[in-house]
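Trainee: next comes the sequence, and after it the predicted model I'd like to discuss.
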Amino acid sequence: MPDDEKGYVQPEHKLVLRPIVGLTENLPKSDLEQITIQAIKTHRRLRDLAEARQDEWHAIEAGDPSAKAARSAHIVYVTAMIGMHAQQTVLSTLLDVLGYIPSVPGD
């Protein structure tokens, strides 16, 4: 719910995905930790993809900002960012349920 004059939700109103809480709250910590580690890896993959899409968009835009390809590349980037941010909300909820940040192989 918006709570400032511009309609933005303030950080103290953190988004929590209640279905994820319900699905995971009674799992053993070891199982929840494994799910959270997978969510971290997924988020990292989506972050890297979004960064690559941004680089592609900027490269196309630098060549011809009015090109239809630049607009298409921008849409691909925005779509990748939406996926990354959605996964961030999943991950944040899992971390809240788990109660700590697990060590991820490869860190």
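Mentor: Nice, I can see it. Predicted, not measured: the structure shown is a model, and the values here were computed from it.
Trainee: neighbours of the closest residue to Pro105 other than its chain neighbours, just the number please.
Mentor: With sequence-adjacent residues excluded and distances taken as Cβ to Cβ, 6 or more residues apart in numbering, Pro105 is closest to Ile37, at 7.8 Å. Where you see a C-beta, it was placed from the backbone N, CA and C, and this is true even at glycine. Close neighbours of Ile37, defined as other Cβ atoms under 10 Å, add up to 16.
Trainee: ok, Pro19 next?
Mentor: 8.
Trainee: helices along the protein, start to end?
Mentor: 18-24, 29-63, 68-98 (DSSP state H).
Trainee: closest to Gly106 out of those helices?
Mentor: Each of these was scored for nearness to Gly106 using Cβ to Cβ, and the closest is helix 29-63 (8.4 Å).
Trainee: in the closest one, which residues are buried?
Mentor: Within helix 29-63, the residues that count as buried by 16 or more other Cβ atoms under 10 Å are 32-33, 35-37, 39-40, 43, 46-47, 49-50, 53-54, 56-57, 60-61.
Trainee: for stretch 78-85, same thing?
Mentor: Ala80, Met81, Gly83, Met84.
Trainee: over to Pro65: give its phi and psi.
Mentor: phi -60, psi -20 (degrees, to the nearest 10).
Trainee: what pLDDT does it get?
Mentor: Confidence at Pro65, expressed as pLDDT, is 73.
Trainee: run a quick neighbour tally on it.
Mentor: Pro65, neighbours per other Cβ under 10 Å, totals 9.
Trainee: picking that back up, so which pair among the buried residues of stretch 78-85 is furthest apart in space?
Mentor: For the buried residues of stretch 78-85, the farthest-apart pair by Cβ to Cβ is Met81 and Gly83; their separation is 7.3 Å.
Trainee: can you list residues touching both of these two?
Mentor: Residues touching both Met81 and Gly83 comprise Ala50, with contact defined as Cβ atoms under 8 Å, 6 or more residues apart in numbering.
Trainee: all good on my end, thank you.
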